[in-house]
Each structure stands twice: as C-alpha cells, then as structure tokens.
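With the sequence up front, the predicted model follows.
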Amino acid sequence: MVQKTEPLEIRIRPAALSDAKGIFKVKEQIRLPAAVEGEPHGGFLLGTSLEQYEYFIEHDDVLVAETLAPRAIVGFTIVLKHASVLNSALWLRAHEVRWDNDFFAQFLAGKAFDRDALEQTRIAYYEQLGFVDDAALRVYAKYLAFASVQRAFQTHEHIFVTTVKYPIVNRASLSFLRIVGFECVGTHDEVYPEYGHILSD
C-alpha cells in the first residue's frame, strides 16, 4: 500500500521584521563553513548576522517563502535598493571589479561610478537567495528568485549580483541566475575575514 502525501502549500510574500529570526535560521542551515573540504552539496551563503537581516527588511526588498502547514520560513531573497547600493561598501568594491571589456564599453564608459550620472540609472543589487536543502521544498526557489527580480525591475533599470567561484563554486546559485537572465560581466577578488581569499563573478 502506498501512502499518499498532500502537496506542500508554499506562499511567497514580503518579509516583516518578525521574519528575521526565521531568515537567519535558514541561513545557518546553508552557511558555508570556515573550513571547506570539497564542494557543498547545495548552495551556500557567507556570514550575515541577525541584525543585518533586520536592517535589510527595514530598508530593502526582502521576500520570504513559507510553508503554511506547519507555518515556517523555508527560503528568502534580499535585493538592495538603489539608495542602499550607492551608500554601501558595494559601491567602493565596484571600482575593483575586472569588468568585461564589451560590458564596460557599452554600459560603464563615460559614466563609470559617477554618482550624478547614475542618479538617472537606478541600480539594484541581488544580495542573497537562500533556501533550505530539501528537494521537496527547493523546487520553489526558482519562483522566489523570479518574483524578487520582477519586483526589482518595477523600480530599477539594472540588477547586479556576485557569486563565488573560488575557492569553491556556488553551483546551486548559477541555475537560478541563468533562469532569470543574468549574464557574467566581470570578476572580483576580495579577502573575506572568515574565509580568506574569495573570487566572485
């Protein structure tokens, strides 16, 4: 005899401040350990504190995916708005990116990182996509990814994202980035306090 299971009900909605602990719990399940041996099974995130998640919810665009019975957050996305991008360390690090020549010529030449010029061009940054490592739930991650990009393009012209490719490749994120239409336009080197040298696309 085969036991029939009911399909999961998943809701995607804007995050409330009270969701920060649930988001942090998901992040802790998929956090990249400081000592990595081999490639992680699924995707991973670098460190973010509970307080940072609360800040993102208050200032940027955060969506959560939650099961309805029982009610629990199983995934989230964070997209930084234009004002957050221009007033963050991200903007300083953009000067260090080795941009693709064609992209630089077409998009950045003549106005590269010029704050006045970019007031006319709203840029968002896809900060994080996190989902629990459960095959039955993770199938919904693509809908969460698409919803967050769709929302961002209602008020922004461009969206940037970085994804780790050294010392390990975050392969899980690549499939979602391709689904929603991202293209590689450069690489960036940095030293992350907990992990050392990180190379990202």
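That came in fine, so what should we check first?

And the contacts of the helix ranked longest in the chain?
If you go by DSSP state H, the chain has its longest helix at helix 141-152. Residues outside helix 141-152 that contact it (CB atoms under 8 Å, 6 or more residues apart in numbering): 10, 12, 61, 63, 65, 75-77, 79, 124, 126, 129, 131, 159, 175-176, 179-181. For every residue, glycine as well, the C-beta is placed using N, CA and C.

Mind giving me the PyMOL select for those, buried ones only?
Here is the PyMOL command that selects the buried residues among the contacts of helix 141-152 (16 or more other CB atoms under 10 Å):
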select buried, resi 10+12+61+63+65+75+76+77+79+124+126+129+131+159+176+180
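
In strands, which of the contacts of helix 141-152 fall?
Per DSSP state E, strands hold the following members of those: 10, 12, 61, 63, 65, 75-77, 79, 124, 126, 129, 131, 159.

Excluding residues flanking it in the chain, which one is nearest Asp61?
Nearest non-adjacent residue to Asp61, counting by CB to CB, 6 or more residues apart in numbering: Val79, 4.5 Å away.

Could I get the contacting residues of the one you found?
Applying CB under 8 Å, 6+ apart to Val79 gives the contacts Asp60, Asp61, Val62, Ala124, Tyr125, Tyr126, Glu127, Ser148, Val149, Arg151, Ala152, Ile159.

for this protein, where's the lowest mean pLDDT among helices and strands?
Taking mean pLDDT, DSSP states H and E as the measure, helix 115-118 is the helix or strand of the chain with the lowest mean score, a mean of 56.

quick one on the thing from earlier: closest to Leu50 out of the contacts of Val79?
Comparing those against Leu50 with CB to CB places Val62 closest, at 13.4 Å.

Wait, Met131 touches Arg138, no?
Quick fix: residue 131 is Phe, not Met. Yes. Under the criterion of CB atoms under 8 Å, Phe131 makes contact with Arg138 at 5.3 Å.

So Asp102 lies in a helix, does it not?
Yes. Counting by DSSP: H, G, I helix; E, B strand; the rest coil, one finds Asp102 located in a helix.

Check what pLDDT it gets.
Looking at Asp102, its pLDDT is 79.

Quick check: the residue nearest to Asp61 vs Tyr126, distance?
With distances taken as CB to CB, to the nearest Å, Val79 is found 5 Å from Tyr126.

if I look at these two, which residues touch both of them?
By CB under 8 Å, 6+ apart, the residues touching both Val79 and Tyr126 are Ser148, Val149, Ala152, Ile159.

Make TSV out of those and add pLDDT and distance to Gly186.
Listed next are these as TSV, based on pLDDT from 0 to 100; distance: CB to CB, whole Å:
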residue	pLDDT	distance to Gly186
Ser148	93	22
Val149	91	19
Ala152	95	20
Ile159	90	14
